[in-house]
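A.B. asks: fold the following and give me the result.
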Amino acid sequence: MPLYLNEEQTMLADTAKDFIGESAPVSHLRGLRDSKNSDGFSRDLWKQFAEMGFTGILIAEEDGGLGLGHVEAGVVLEEIGRNLTPSPFLTTAVAAVAALNGSAQRERWFPGILSGETVAALAIDEKAKHTAGIAMQAERSGNGFRLNGAKQFVTHGHIADLILVAARTGGSANDREGITLFAVPKDASGMTAEAERLADSSIAARLRFDGVEVDADAVIGEVDQGDKVLDTLLAAGRAGASAEMLGVGAGAMTLTVDYLKERKQFGSRIGSFQALQHRAAHLYSEMEVAHAAVLKAQQLLDSGAAEASRAVSVAKAMTGLATTLSVQEGIQMHGGIGMTDEYDIGFYMKRARVLAEMFGDANYHANLLAEMTGY
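C.D. replies: So this is what the prediction gives:
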């Protein structure tokens, strides 16, 4: 598969670039932050995403969507990252849709996602760092289940209409089998959310489940076999987060290169200094390698290849390292003003830090790749 976009994907990229760049640039993030918006994103903008057809990219045509793939979703996510646009696109239109595709639950939730009315959240993590260990209990109760436990780092968890919850119906915390995925509506009795604003001004929640009752229809996939659906959700989320992080890194690099062309010291533009040129060239090469890794992972996911999960981990690790380099170089090359609120480069650093942790950081995926190789 060639590592470049085809004609239709390029047209989508141009559309996304124009729409997001005009409707939700970095100033949009500033406005939400300064107004202390309690949702963490604009619901009007989310509906505009739906009107553009973006929310239906991964939804099949027979379900009312566009029937496209992860490459196309990544095109949109890259522009979201480049503009630091607060949006539930990653959790809702990518990860949640990937999990719901093929399940009976899609008939309930897809219409709202397609119209921009529904927001989904992912209640997976239970510890400070992303881990495969799931200890939260789901006990059988009548015709359904009773959920007890806690989740954290649940982006949009305080306002989500749908929460996808991974809980244990069998086995112990580190077993792959015995996991079941549930679709829990926001009005479920016994569920409480404690919202916290993160470093990048987005909002995540700590969720507590105290005897939350759900019926058997809430199960996505098979009872005790939810690891398969969870793997699908995580692969989509990780590839999507990689694409958004790639956009963050590219946006930071553009700001930095533009600044090198404008800022003068000792009567010369600092971009003429050879040491800074070398650093900028190194950054460019690292971002290009990360871009190739992300596109390869997306293509393999779309083709259903067996090695897709490995490629996704490579992409998440590579973009984590490359984007971290991009924002750090951006801060340093801007000098002291890079840390001030007046300049946008600091916002890119904060968003990169949050995205790096979502779905596992570079160290997590390097270790995962080692385990896949037999180490």
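
A.B. asks: what about the stretch 51-200 of the chain, any weak spots by pLDDT?
C.D. replies: 132 (pLDDT under 70).

A.B. asks: just the helices in it please.
C.D. replies: 70-83, 97-100, 106-115 (DSSP state H, counting those that start in this stretch).

A.B. asks: quick check: residue 346 touching residue 336?
C.D. replies: No. Shown here, residue 346 and residue 336 do not form a contact pair, counting by CB atoms under 8 Å, at 11.5 Å. C-beta: built from backbone N, CA, C; applies to glycine.

A.B. asks: of the two, who's got more company?
C.D. replies: residue 346 (19 against 7; other CB atoms under 10 Å).

A.B. asks: who's in contact with the more buried one?
C.D. replies: Contacts for residue 346 (CB atoms under 8 Å, 6 or more residues apart in numbering) come out as 331, 338-340.

A.B. asks: what subset of those is buried?
C.D. replies: The neighbour-count criterion (16 or more other CB atoms under 10 Å) marks 331, 338 among the contacts of residue 346 as buried.

A.B. asks: closest to residue 32 out of the contacts of residue 346?
C.D. replies: residue 340 (19.6 Å; CB to CB).

A.B. asks: for the residue nearest to the closest one when sequence neighbours are not counted, helix, strand, or coil?
C.D. replies: Excluding its sequence neighbours, the residue lying closest to residue 340 (CB to CB, 6 or more residues apart in numbering) is residue 346, at 7.2 Å. In three-state terms, and counting by DSSP: H, G, I helix; E, B strand; the rest coil, residue 346 is helix.

A.B. asks: from residue 201, how far off is residue 346?
C.D. replies: Distance, residue 346 to residue 201, using CB to CB, to the nearest Å: 11 Å.

A.B. asks: and the closest residue in space to residue 326 that isn't next to it in sequence, what helix or strand is that in?
C.D. replies: Leaving out its chain neighbours, the residue that sits closest to residue 326 by CB to CB, 6+ apart is residue 249, at 3.9 Å. When elements are assigned from DSSP states H and E, residue 249 belongs to helix 226-262.

A.B. asks: tell me the buried residues in that helix?
C.D. replies: For helix 226-262, a neighbour-count test (16+ other CB under 10 Å) marks 226-227, 229-230, 232-253, 255-257, 259-260 as buried.

A.B. asks: that helix to helix 70-83, inter-axis angle?
C.D. replies: 40 degrees (axes from the mean of the first three to the mean of the last three CA atoms, to 10 degrees).

A.B. asks: what's the local residue count around residue 367?
C.D. replies: By other CB under 10 Å, neighbour count at residue 367 equals 14.

A.B. asks: taking the mean pLDDT, what do you get for the helix or strand harbouring it?
C.D. replies: Under DSSP H and E, the secondary-structure element containing residue 367 is helix 362-373. Here helix 362-373 scores 93 as its mean pLDDT.

A.B. asks: contacts for it, please.
C.D. replies: By CB under 8 Å, 6+ apart, the list of residues contacting helix 362-373 from outside reads 129-130, 238, 309-310, 313-314, 316-318, 320-321, 324, 356, 360.

A.B. asks: tell me the one among those residues nearest to residue 42.
C.D. replies: The shortest approach to residue 42 among the contacts of helix 362-373 belongs to residue 356, at 24.4 Å (CB to CB).

A.B. asks: and the gap between the closest one and residue 323?
C.D. replies: 7 Å.

A.B. asks: out of the contacts of residue 346, which sit inside helices?
C.D. replies: With helices taken from DSSP state H, the overlap with the contacts of residue 346 comprises residue 331.

A.B. asks: is residue 207 in a bridge, and if so with what?
C.D. replies: Note on residue 207: beta-bridge partners residue 151, residue 193, judged by DSSP bridges.

A.B. asks: I'd guessed it sits against residue 188; true?
C.D. replies: No. Using CB under 8 Å, residue 207 makes no contact with residue 188, being 10.4 Å away.

A.B. asks: ok, those two, which is more surrounded?
C.D. replies: Between residue 207 and residue 188, counted using other CB under 10 Å, residue 207 has the larger neighbour count: 25 against 16.

A.B. asks: so the helix holding residue 367 versus helix 226-262, what angle?
C.D. replies: Compare the direction of helix 362-373 with that of helix 226-262 by the same axes, to 10 degrees and you get 130 degrees.

A.B. asks: what residues of helix 362-373 count as buried?
C.D. replies: Neighbour counts over helix 362-373 (16+ other CB under 10 Å) mark 362, 364-366, 368-369 as buried.

A.B. asks: and the nearest residue to residue 145 once chain neighbours are set aside, how far from residue 174?
C.D. replies: Leaving aside its sequence neighbours, residue 145 sits nearest to residue 138 (CB to CB, 6+ apart; 4.6 Å). Here residue 138 is placed at a distance of 17 Å from residue 174 (CB to CB).

A.B. asks: out of the two, which sits in the busier spot?
C.D. replies: Taking neighbours as other CB under 10 Å, residue 138 and residue 174 compare with residue 138 leading, 29 against 10.

A.B. asks: so how far is residue 177 from the more buried one?
C.D. replies: 14 Å.
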